[in-house]
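Colleague: generate a structure from the sequence data that follows.
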Amino acid sequence: MAGPIGVTTNGAAPAAVGAGGSYRKALSLLASLFFMWGFITVINGVLLPHLRSVFELDYTQTTLIESVWFIAYFFASIPSAKLIERVGYQRAIVIGLLIMAAGALGMTLAASIPSYGVTLVMLFVIASGITLLQVAANPYVTVIGPPETGSSRLNLVQAFNSLGTTLAPLFAGYLILGRSRSGTAEAGATISQAQRYADAQSVILPYVLVAIVLVVLAVVIARFPLPALGAATQRAAKADRHQHSLWKHRNLTLGIPTMIAYLLAEIGVANLFVNFVSQPQIAAVTHEQASRYLSLLWGGMMVGRFVGSVVMQKIAPERVLSVFAFGALVVVAIATFTTGPEAMWALIAVGLFHSIMFPTIFTLAIRGLGPLTEEGSGLMIMAIAGGALVVVQGWLADHYGLQNSFFLTMACEVIVLAYALWGSKPTASLGDQTVA
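Modeller: Residues are numbered from 1 along each chain as shown. The predicted model follows:
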């Protein structure tokens, strides 16, 4: 069975799949998948303050929406891998896109009622479809071309993911916040019940457009002659894996909680950003205006990924991670202890310092696992569910203030810094692997 990411174990033949022109065309098409799931995921950052106003939610209830999104990663990862084993990568990608389209259409139903409960269910459906895409597309991109450029291909399509996260706040800010009373009102303005109901309808058009794009993309991929995968995605022999224990590898056992901490920091900053910036003591802007600044945060992440990929060709990844983690700690501290534009720009800068954290923590955690690489990779994928803990920051914001809730983010940055300096050092290495 293929694991959640592409792994080439020692002895496997990671042959390039398909002719050069064929896999390049396939890569161009698959880049759109990475763009779409980045785009849809970050729409949440704009959607949350909108739903907070429509349903009169506190911060705990608001962040619960994002928690439901990430819980889907925990429940859908293993079923996704089993589905891929049964139907293959191409059909699984098509199914994932259709699941996402169904969830997007369901969001229009939630807006029509409107219903907080239906909204939670439909976001879970969309996230489950994205999980299936993640489990299917990452290994596929890794092995459809020459093995020596597998990492380069994956970094390229991940850049399109960042492009999606950069453009999504502009799209959602215009079509959701820009067309709603809550999005254009000044901070602290009173919104009537009738206006809230009208605001709920503003979600319908953007999600209908998203659903149409997803269905078209599913049809195109279903009809496209994607190259078949070879032996490169096959797992190492069971006997080889059972001779070793995952839990003897410090870099993995500490990498899992570090990944959870990182995701809690990233999701907390992104999802509370609009509300934070809109406060009178910070920037005193409307939610629509704040969404434009959110685009800068995600744009910084895209720039940081390009810069980090170049720097890590000459400098050890753990050293680069330590510098970025320290930088993140500093700017989050500035956002927590200051007010005005300084606090806003400090929080925007977090995107730049968070940029390399996910892939770097992931790579360091599975380094030296040898025949255990796929199991370790699976655990790291499931750790994405740690983003569900963002509800803790919502609770802190309700009880101690939104700005004070970023003390939790600072603690997460300290955890990442400690991992980079000490916890990421591999123990009992079982050999190198080629891993996406």
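
Colleague: Pro426 - how many residues pack around it?
Modeller: For Pro426, the neighbour count with other CB atoms under 10 Å is 16. Bear in mind the C-beta positions are built from the backbone N, C-alpha and C, glycine included.

Colleague: you'd agree it is in a strand?
Modeller: No. Assignment of Pro426 by DSSP: H, G, I helix; E, B strand; the rest coil gives coil, placing it outside any strand.

Colleague: wait, it sits on Arg250?
Modeller: Yes. If you go by CB atoms under 8 Å, Pro426 and Arg250 touch, sitting 7.5 Å apart.

Colleague: return every residue with contacts to both of the two.
Modeller: Shared contacts of Pro426 and Arg250, defined by CB atoms under 8 Å, 6 or more residues apart in numbering, are not found at any residue.

Colleague: can you tell me how far Gly268 sits from Phe160?
Modeller: Separation of Gly268 from Phe160 (CB to CB, to the nearest Å) stands at 25 Å.

Colleague: now the helices for the stretch 101-250 of the chain?
Modeller: For the stretch 101-250 of the chain, the helices defined by DSSP state H, counting those that start in this stretch occupy 116-143, 150-172, 181-184, 193-200, 204-223, 238-242, 250-278.

Colleague: which residues of this protein fall in strands?
Modeller: Per DSSP state E, the chain carries strands over the ranges 7-8, 434-435.

Colleague: coming back round to it: any idea which of the helices of the stretch 101-250 of the chain scores lowest on pLDDT?
Modeller: Here the lowest mean pLDDT among these goes to helix 181-184, at a mean of 51.

Colleague: from what I can see Met272 touches Gln393, true?
Modeller: Careful, residue 272 is Leu and not Met. Yes. Contact criterion CB under 8 Å: Leu272 and Gln393 qualify, at 6.9 Å.

Colleague: find the residues that touch each one of those two.
Modeller: Both Leu272 and Gln393 are in contact with 59, 63, 405, where contact means CB under 8 Å, 6+ apart.

Colleague: what sits against the second one?
Modeller: Same thing as Thr63. Contacts here follow CB under 8 Å, 6+ apart; on that basis Thr63 touches 48, 268, 271-272, 390-391, 393-395, 397.

Colleague: repeat that for the last one.
Modeller: With contacts defined as CB under 8 Å, 6+ apart, the neighbours of Ser405 are 59, 268, 272, 393-394, 396-397.

Colleague: got a pLDDT number for it?
Modeller: Looking at Ser405, the pLDDT reads 96.

Colleague: which phi and psi does it have?
Modeller: The phi and psi torsions at Ser405 (degrees, to the nearest 10) take the values phi -70, psi -20.

Colleague: just the angle for the lengthiest helix in the chain relative to helix 250-278, thanks.
Modeller: As assigned by DSSP state H, the longest helix anywhere in the chain is helix 20-54. Using axes from the mean of the first three to the mean of the last three CA atoms, to 10 degrees, one finds that helix 20-54 and helix 250-278 are set 50 degrees apart in direction.

Colleague: neighbours of the nearest residue to Arg250 once chain neighbours are set aside, how many?
Modeller: Nearest residue to Arg250, sequence neighbours excluded (CB to CB, 6 or more residues apart in numbering): Thr427, at 4.7 Å. By other CB under 10 Å, the residues close to Thr427 number 11.

Colleague: report pLDDT for Thr427.
Modeller: With respect to pLDDT, Thr427 scores 77.

Colleague: His249 versus that one, what's the distance?
Modeller: Taking CB to CB as the measure, Thr427 falls 6 Å from His249.

Colleague: shared neighbours, the two?
Modeller: Joint contacts of Thr427 and His249 (CB under 8 Å, 6+ apart) are Gly368.

Colleague: ok, now which ones touch Ala159?
Modeller: Contacts for Ala159 (CB under 8 Å, 6+ apart) come out as 302, 305-306.

Colleague: repeat that with 10 Å
Modeller: By CB atoms under 10 Å, 6 or more residues apart in numbering, the contact set of Ala159 is 31, 34-35, 38, 302, 305-306, 309.

Colleague: in CSV, list those residues along with distance to Trp345 and neighbour count.
Modeller: Output for those, formatted as CSV (distance: CB to CB, whole Å; neighbours: other CB atoms under 10 Å):
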residue, distance to Trp345, neighbour count
Ala31, 31, 20
Phe34, 28, 24
Phe35, 27, 21
Gly38, 23, 25
Met302, 18, 22
Arg305, 20, 21
Phe306, 21, 14
Ser309, 25, 18
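
Colleague: ok, so of those residues, who is nearest Arg52?
Modeller: Using CB to CB, Gly38 is the member of these that lies nearest Arg52, at 22.9 Å.

Colleague: name the nearest residue to that closest one, ignoring sequence neighbours.
Modeller: Closest residue to Gly38 apart from its sequence neighbours, by CB to CB, 6+ apart: Gly164 at 3.3 Å.

Colleague: one more: Val303?
Modeller: Leaving aside its chain neighbours, Val303 sits nearest to Leu352 (6.6 Å; criterion: CB to CB, 6+ apart).

Colleague: wait, the one you found touches Phe306, no?
Modeller: No. Counting by CB atoms under 10 Å, Leu352 sits too far from Phe306 to count as a contact (11.1 Å).

Colleague: give me the neighbour count for Asn404.
Modeller: For Asn404, the neighbour count with other CB under 10 Å is 12.

Colleague: thought Leu396 was touching it, still the case?
Modeller: Yes. Using CB under 10 Å, Asn404 is in contact with Leu396, at 6.9 Å.

Colleague: before we move on, back to that, got a PyMOL select line for the buried ones in the contacts of Thr63?
Modeller: Burial among the contacts of Thr63 is assessed by 16 or more other CB atoms under 10 Å; the matching PyMOL selection reads:
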select buried, resi 48+268+271+272+390+391+393+394+395+397
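
Colleague: tell me which of the contacts of Ser405 is nearest to Ala26?
Modeller: Gly268 (36.2 Å).
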